[in-house]
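K.L.:
structure for the following, please:
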Amino acid sequence: MLNRCGRRLLHVLGLSFPLLTRRPLFLCPHRLMKPLVVFVLGGPGAGKGTQCARIVEKYGYTHLSAGELLRDERKNPDSQYGELIEKYIKDGKIVPVEITISLLKREMDQTMAANAQKNKFLIDGFPRNQDNLQGWNKTMDGKADVSFVLFFDCNNENSDLSSVNKANY
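P.N.:
Next up is the predicted model:
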């Protein structure tokens, strides 16, 4: 028998278990309408991408990297945000939360439009600060369900970049 945390994790990952519900998660119509989001945070080289790839493979989540979406949008010559994103990145500033959320929402909407059962998302690298979180709560309230945050905390000795760092010194 699973404890409460284990049952919640199975539920969040979209796995059915007799103790959780009589209906599998994919039959619940209200779940099909809204994205189910897990924020994935941690420093560079902490393993976010590696773990996201494993979760995608094993549990069918869609991995969205806020940084990749911003870089792709910046390169898009038809983008309404491209020049603004470029300016913020060149100045070393965080792109306005409204833009980042707009890109994330657009990507989630497109993914779910292509396949209504693809409503589980790992959002990597967002929110980066309290302002981002408040913007998300304001903009996405009632439009997406955030299940939990995966936070990878490791020191330089344990990070993917540790061998690179040692080689550079």
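
K.L.:
for stretch 58-66, C-alpha coordinates in CSV please.
P.N.:
The C-alpha trace of stretch 58-66 is given here as CSV (Å, rounded to 0.1, in the frame of the first residue of the first chain):
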residue,chain,number,x,y,z
LYS,A,58,9.0,6.8,-19.0
TYR,A,59,5.9,8.9,-18.2
GLY,A,60,5.0,10.7,-21.5
TYR,A,61,5.5,14.3,-20.3
THR,A,62,6.4,17.0,-22.8
HIS,A,63,9.6,18.9,-21.9
LEU,A,64,9.5,22.6,-22.5
SER,A,65,12.7,24.6,-21.8
ALA,A,66,11.9,28.3,-21.2
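
K.L.:
and the average pLDDT for it is what?
P.N.:
Averaged across stretch 58-66, the pLDDT comes to 96.

K.L.:
got the buried residues for it?
P.N.:
By neighbour count on 16 or more other Cβ atoms under 10 Å, the buried set for stretch 58-66 is 61, 62, 63, 64, 65, 66. Yep, even glycine has a C-beta here, placed from its N, CA and C like the rest.

K.L.:
among those, name the ones in strands.
P.N.:
62, 63, 64, 65 (DSSP state E).

K.L.:
show me what contacts the first one?
P.N.:
This means residue 62. 56, 108, 111, 118, 120, 121, 122 (Cβ atoms under 8 Å, 6 or more residues apart in numbering).

K.L.:
which SSE is the last one in?
P.N.:
Take DSSP states H and E as the rule and residue 122 turns out to sit in strand 120-124.
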